[in-house]
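>>> this one's structure only:
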Ligand SMILES: C[S@@+](CC[C@H](N)C(=O)[O-])C[C@H]1O[C@@H](n2cnc3c(N)ncnc32)[C@H](O)[C@@H]1O
């Protein structure tokens, strides 16, 4: 009920801004208007508000898990680039009642979430890695990464930045996953992702691209999943 009221208030606020063409012409840029128009129409944003998810990104993980059915009770999972926390919410709701462990990492803080060990920092830093190992001394069953670099709007630059982070996320997965583990990562397409998929085949039994319905069709975003980690030598 509280969520519904909040959602209604937000919608009213958005519509007010959209309608304020003349009065606030100078303050509200055309791109903000486009963003708000898109948000107010977007089925996943509305669903996230109704269902209490912190962002529409939740449905990307829900869709991918529907397709690959990889989340199991008792798993140890790292969520790289977790803020604001909707993927953690999906993990908790999907694995409810199980004794799973979630370690969620981000450079920016998140509001506390039950059953989530939040580490604030850059996932590539040694101190973050050490803390993760303290929490999961036997390694991880799943590494999921929705990490996004700060975007510039320049497709090629964003692709290169995204690939650099994805490779670091893959390194992280290769050093922390248990045998048969799973790695899921977001990528901004631009050409190099095909080489990454091919190199991931050296480490995982099955590797595939997946574009979940919740991922906007006009976005270069796609996900790459590696299933069945072959282990470290
Ligand atoms: C698209 S958001 C993730 C949304 C999240 N999956 C959710 O469902 O709420 C991407 C996040 O990656 C984080 N990020 C980017 N680079 C990072 C890094 N090197 N280490 C940790 N977090 C990082 C950003 O701070 C941002 O919060």
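Cool, got the structure. This is a predicted model, so every value here is computed, not measured.

>>> distance of residue 223 from residue 112?
Residue 223 is 27 Å from residue 112, where distance means CB to CB, to the nearest Å. Every C-beta, even on glycine, is put in place using the N, C-alpha and C of the backbone.

>>> neighbour count winner among these two?
The residue with more neighbours, out of residue 223 and residue 112, is residue 223; 21 against 8, by other CB atoms under 10 Å.

>>> ok, the more buried one - contacts?
60, 64, 184, 185, 186, 187, 209, 210, 211, 212, 215 (CB atoms under 8 Å, 6 or more residues apart in numbering).

>>> make a PyMOL selection of the buried ones in the residues you listed.
Buried members of the contacts of residue 223 can be picked out in PyMOL with the line below, counting by 16 or more other CB atoms under 10 Å:
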select buried, resi 60+64+184+185+186+187+211+212+215
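
>>> can the contacts of residue 223 go into a markdown table with extra columns for distance to the ligand, secondary structure and pLDDT?
Formatted as a markdown table, the contacts of residue 223 follow (distance: CB to the nearest ligand atom, whole Å; DSSP: H, G, I helix; E, B strand; the rest coil; pLDDT from 0 to 100):
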| residue | distance to the ligand | secondary structure | pLDDT |
| --- | --- | --- | --- |
| 60 | 8 | helix | 98 |
| 64 | 12 | helix | 98 |
| 184 | 11 | strand | 98 |
| 185 | 11 | strand | 98 |
| 186 | 7 | strand | 96 |
| 187 | 13 | strand | 93 |
| 209 | 18 | strand | 98 |
| 210 | 15 | strand | 98 |
| 211 | 16 | coil | 98 |
| 212 | 12 | coil | 97 |
| 215 | 11 | coil | 95 |
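
>>> what residue in this structure comes nearest to the ligand?
The ligand sits closest to residue 81 of the chain, with a gap of 2.6 Å, by CB to the nearest ligand atom.

>>> need the per-residue pLDDT for that residue.
On the pLDDT scale, residue 81 is placed at 97.

>>> same deal with residue 233?
72.

>>> separation between residue 111 and residue 170?
For residue 111, the distance to residue 170 equals 29 Å [CB to CB].

>>> neighbour count winner among the two?
Per other CB under 10 Å, whichever of residue 111 and residue 170 has more neighbours is residue 170, with 20 against 9.

>>> roughly how far does the more buried one sit from residue 114?
On the measure of CB to CB, residue 170 and residue 114 end up 30 Å apart.

>>> ditto for residue 87
15 Å.

>>> who has more neighbours, those two?
Per other CB under 10 Å, whichever of residue 87 and residue 114 has more neighbours is residue 87, with 28 against 8.
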